[in-house]
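Novice: 3D model of this:
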Amino acid sequence: MGTRGQAQSARLLVWLGAVLGATAACGAKTGLTVDESQPRDPDCRPTAEVCNDLDDDCDGVVDDGIACFFLDGLRITAQATTRCGAAWYGYDFPDSESANPLPDIRRSGEVVVAVQAGDGCQGAHIGVIADLPNDGSGGQLLGEMTVTPPSPTVDVIGDELRECSYNRVSGFATCDWTWQNCCTDGALVGPLLGETCTEITLSNPVGVSSLSVLDGSGERISKAFGVPFTICTQIRPPVD
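Specialist: A predicted model of the protein is given here:
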């Protein structure tokens, strides 16, 4: 190739390099799609948010748009339900004299505590259900609960009227359950929104032998009577 041909080839390579460089800089035809709404963090790979203290969707907020629940600081999962508030009891609520939750978390001879949440519930509830063995002769359970921070939208609903007393200013509630061997008894705390904790102490059981908190995975976490435990709700709205 002569000197003239070499010069033309050199100019062609320079032009091609300039075009390809401009194309790559614009992000076009390179196989790389850039979402301008996401932060320019090369380590962020957007996925759906889960409760893990990470910004999974790369919007700058941790665990937003989902509900997270904790038992004494450890994550638990809510029980999914299609019935909200007092309707979760079944029967004619709230003065039905028996708590028959859906889904059914009852276990004979045990007090079961569970977070209940579902589509359309406008917040989570904490359910306390006590069930005696069918051959029992009735029983009693005292409960104390403190909701922090106190909220005028939260209530403590017993499955019988006047079974629970709740002060919406202090956030403190007491419940006195006395029931027969045929039936369950219990209360609901809620609806819980935002970042709220409920400290629960259950004591003086008659006819029941154990206490557990039910995780949505099906695991039952043993707790002691007379010793407070805390269930926290963390619901952060999605970032626009």
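
Novice: tell me where the chain has helices.
Specialist: Taking DSSP state H as the test, the helices found in the chain are 3-26.

Novice: shaky segments in it?
Specialist: Counting by pLDDT under 70, the chain contains low-confidence residues at 1-43, 91-98, 134-137, 181, 240.

Novice: show me the domain layout of it.
Specialist: Domains of the chain are assigned by automatic domain parsing as 1-33, 67-235.

Novice: which one of the ones you listed is the most hemmed in?
Specialist: Most buried of these, by mean neighbour count (mean count of other C-beta atoms under 10 Å): domain 67-235, with a mean of 18. No exception for glycine: its C-beta is placed from N, CA and C like everyone else's.

Novice: so how far does that domain reach from one end to the other?
Specialist: 5 Å (C-alpha to C-alpha, to the nearest Å).

Novice: number the chain from 13, please
Specialist: In the new numbering, first residue 13, that becomes domain 79-247.

Novice: surely Ala90 is in contact with Ala79?
Specialist: Yes. Contact between Ala90 and Ala79 holds when scored by C-beta atoms under 8 Å: they sit 6.8 Å apart.

Novice: now for the two: what residues contact both?
Specialist: Shared contacts of Ala90 and Ala79 (C-beta atoms under 8 Å, 6 or more residues apart in numbering): Ala129, Ala136.

Novice: which one of the domains of the chain lies closest to Cys56?
Specialist: Taking C-beta to C-beta, domain 13-45 is the member of those nearest to Cys56, at 14.3 Å.

Novice: now the domains of the chain in JSON lines, with distance to Thr59?
Specialist: Listed next are these as JSON lines, based on distance: least, C-beta to C-beta, whole Å:
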{"stretch": "domain 13-45", "distance to Thr59": "16"}
{"stretch": "domain 79-247", "distance to Thr59": "16"}
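
Novice: among those domains, which is nearest Glu61?
Specialist: In terms of C-beta to C-beta, the element of these nearest to Glu61 is domain 79-247, at 9.6 Å.

Novice: now do the strands in the protein.
Specialist: Secondary structure of the chain (DSSP state E): strands at 79-83, 86-88, 91-92, 122-129, 136-143, 151-160, 167-170, 176-178, 184-191, 196-204, 207-215, 222-226, 232-235, 241-247.

Novice: orientation of the first one relative to strand 222-226 in degrees?
Specialist: To tie it back to what came earlier, the one meant is strand 79-83. 160 degrees (axes from the mean of the first three to the mean of the last three C-alpha atoms, to 10 degrees).

Novice: now do strand 79-83: distance to the chain's middle.
Specialist: 4 Å (C-alpha atoms, centre = their mean, to the nearest Å).

Novice: please apply the same query to the third one.
Specialist: Taking the mean of its C-alpha atoms, strand 91-92 sits 9 Å from the chain's own mean (C-alpha atoms, centre = their mean).

Novice: quick one on the thing from earlier: quick one: closest of the strands of the chain to Val62.
Specialist: Closest of those to Val62 is strand 79-83, at 8.9 Å (criterion: C-beta to C-beta).

Novice: how about Val127, nearest residue that isn't a chain neighbour?
Specialist: Distances taken as C-beta to C-beta, 6 or more residues apart in numbering place Ala90 nearest to Val127, at 4.2 Å, with adjacent residues excluded.

Novice: relative to His137, how far out is the one you found?
Specialist: To His137, Ala90 is 9 Å away according to C-beta to C-beta, to the nearest Å.
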